[in-house]
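Participant: attaching a predicted model along with its sequence, questions to come.
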Amino acid sequence: MDYHPPYLLIDRLGERAGLALAALAILAIGLADYLTGYALRLSPFYLAPIAVAAWVGGTRSGLAMAIAASLLWVLSFRAQHFYGNQGFYIWEALSMLAGFIVDVWLVVRLRRALLQADERFLRVLEEMQSAVYVADEQRDSFLYANPQMQRLDARIEQLTPHTFEQQFVDETASAGNTGRQAVTGFVSRNLQSSRTGRWYLLQEGPIPWGNEAGVKLKVLTDITEQKNSQRIRDMQRELVHQSSRRTTLAEIASTLAHEINQPLMVIATYTDACQRLLAAPQPDHGEIIGVLRKCHTQAVRAASIIERLREFIRQRRRDPAPWPARTLIEEALAISRPLLEEGQIRITQAVSDEALIVVADRILMVQALTNLIRNAVDAMQSSPPESRLLTISAVAEEGRIVISVADRGPGLPTLPADEIFAPFYTTKEQGLGLGLAISRSVAESHEGSLWATANPQGGAIFHLAIPQGSNAT
């Protein structure tokens, strides 16, 4: 479909008719000027027909009309001019001719600039990979369609914009959204071809087109590949979501096994002690009751861990409250007492202030400290019994309480600092690699942090920092 730029009224006359009209206008102006005795000085009106000639015929035609108008003025006005000096008469003639030439130059430059703008506009439209067309919606006709538009639908010469657009289904309309229409400016819609099933992005908006009203520029861009990619991404996102849920369940199962293992081991140790006490010739019932009470405490703790995990899965919420740091440390040591005794570990506890308060979930915080204590015990298994020392301290630093657990084991591995906190990283043959990962997760869930440093006396120190709370509970 050929491109026809929006014509002016003068363009509709054509070159011959335009030149003829210009010539007749020049003769009419000259005759009127002569008949009125040049009293009205109608010579400025020559500019209009000269401009018409330059517009429809170019530079030569415009100059020819300018010279013709000047000669007509000179010949008809020569005998009747009012100048006493002939030089003034010649100067006016030359000035008028110069003005006519400037008029021709300006009109020709304007015409060339408009044609170049049309050519650039056409070249852009012709080279676009999108289908572009200009539609007169009042007359329901195509004013322009680029080659991509013709490749999109070979019947374009026989179609109107309305019949062409009927083959597309509006995605927003099918979804019940009738908005997205603007009075001015361009709007975008997603369309699907009912013939080919391909998806297109339609961008349309009003543009000036001569004196025509209701003219719109419409651009159809094939977005089928983007739609397919989006659908694949959605499928992958759903698969990732499902995999994440399965991974979360697996991590929860591993966490449950890891967390429950500690109280179960303590219960097993105490039940063994009960059996030995009961097998004695004269059982000490008071001591047996004390051991059973400790077993009961560990069983309640295991139940609390399970309940906390259930709440974590169901609500993902913590239960923070102000707690003395010493209370949390002593509870973690009490839980780990059988491991410490079995490993022949000496304990040094240093809390700088009795009133150090942390805002934390007690069960989660005690569990994190228990994990750090157990790691310290495991790290010192290969050390001589006399050098097995566990030091726990708590100090206040910049609005936080830092609880440090130091051991005298072999020290930190030569790895990046954060790698030892990665899930499933472990140096133990029977370890799951979850203890440090869980402890860091607990710290971060409390807006705290967990990191490790080398112990100057040999071994490693793990620092657990938690926001400091108020003494008022």
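Facilitator: Happy to help now that I have it.
Participant: got the domain ranges for this structure?
Facilitator: 10-126, 130-222, 229-317, 318-473 (automatic domain parsing).
Participant: now the end-to-end length of the second one.
Facilitator: Between the opening and closing residues of domain 130-222 lies a distance of 7 Å (CA to CA, to the nearest Å).
Participant: mind putting the domains of the chain into JSON lines with mean neighbour count and mean pLDDT?
Facilitator: C-betas here are computed from N, CA, C, even on glycine. What follows is these, written out as JSON lines (neighbours: other CB atoms under 10 Å; pLDDT from 0 to 100):
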{"stretch": "domain 10-126", "mean neighbour count": "16", "mean pLDDT": "81"}
{"stretch": "domain 130-222", "mean neighbour count": "15", "mean pLDDT": "79"}
{"stretch": "domain 229-317", "mean neighbour count": "13", "mean pLDDT": "72"}
{"stretch": "domain 318-473", "mean neighbour count": "18", "mean pLDDT": "80"}
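Participant: Arg337 and Gln262, how far apart?
Facilitator: Distance of Arg337 to Gln262, given as CB to CB, to the nearest Å: 11 Å.
Participant: oops, could you answer that again for Leu191 instead?
Facilitator: Per CB to CB, Leu191 is found 63 Å from Gln262.
Participant: same check, this time on Glu171
Facilitator: Separation of Glu171 from Gln262 (CB to CB) stands at 57 Å.
Participant: next: Ser141.
Facilitator: On the measure of CB to CB, Ser141 and Gln262 end up 83 Å apart.
Participant: the stretch of helix or strand Val219 belongs to pairs with which strands, and in what direction?
Facilitator: Using DSSP states H and E, Val219 sits within strand 215-222. Strand 215-222 has the following strand partners under DSSP bridges: strand 131-136 (antiparallel), strand 199-206 (antiparallel).
Participant: got those strands as a markdown table, with distance to Leu389 columns?
Facilitator: Formatted as a markdown table, these follow (distance: least, CB to CB, whole Å):
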| stretch | distance to Leu389 |
| --- | --- |
| strand 131-136 | 80 |
| strand 199-206 | 70 |
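Participant: quick one, the strand or helix carrying Leu122 and strand 215-222 angle?
Facilitator: According to DSSP H and E, Leu122 maps onto helix 86-127. When axes from the mean of the first three to the mean of the last three CA atoms, to 10 degrees is applied, the directions of helix 86-127 and strand 215-222 differ by 30 degrees.
Participant: centre of the chain to helix 86-127, how far?
Facilitator: 51 Å (CA atoms, centre = their mean, to the nearest Å).
Participant: give me the contacts around stretch 390-398.
Facilitator: 325-326, 329, 333, 340, 345-353, 356, 373, 376-377, 380, 401-407, 465, 468 (CB atoms under 8 Å, 6 or more residues apart in numbering).
Participant: among these, which are in helices?
Facilitator: Within the contacts of stretch 390-398, residues falling in helices by DSSP state H are Ala325, Arg326, Ile329, Leu333, Leu340, Ile373, Ala376, Val377.
Participant: report the contact partners of the third one.
Facilitator: Counting by CB under 8 Å, 6+ apart, Ile329 touches Gln349, Val351, Leu369, Ile392, Ala394, Ile403.
Participant: with the first one instead?
Facilitator: The contact partners of Ala325, by CB under 8 Å, 6+ apart, come to Val351, Leu356, Ile357, Val358, Ala394, Ile401, Ile403.
Participant: a markdown table for the residues you listed, including distance to Val300?
Facilitator: Listed next are the contacts of Ala325 as a markdown table, based on distance: CB to CB, whole Å:
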| residue | distance to Val300 |
| --- | --- |
| Val351 | 26 |
| Leu356 | 26 |
| Ile357 | 25 |
| Val358 | 23 |
| Ala394 | 26 |
| Ile401 | 26 |
| Ile403 | 24 |
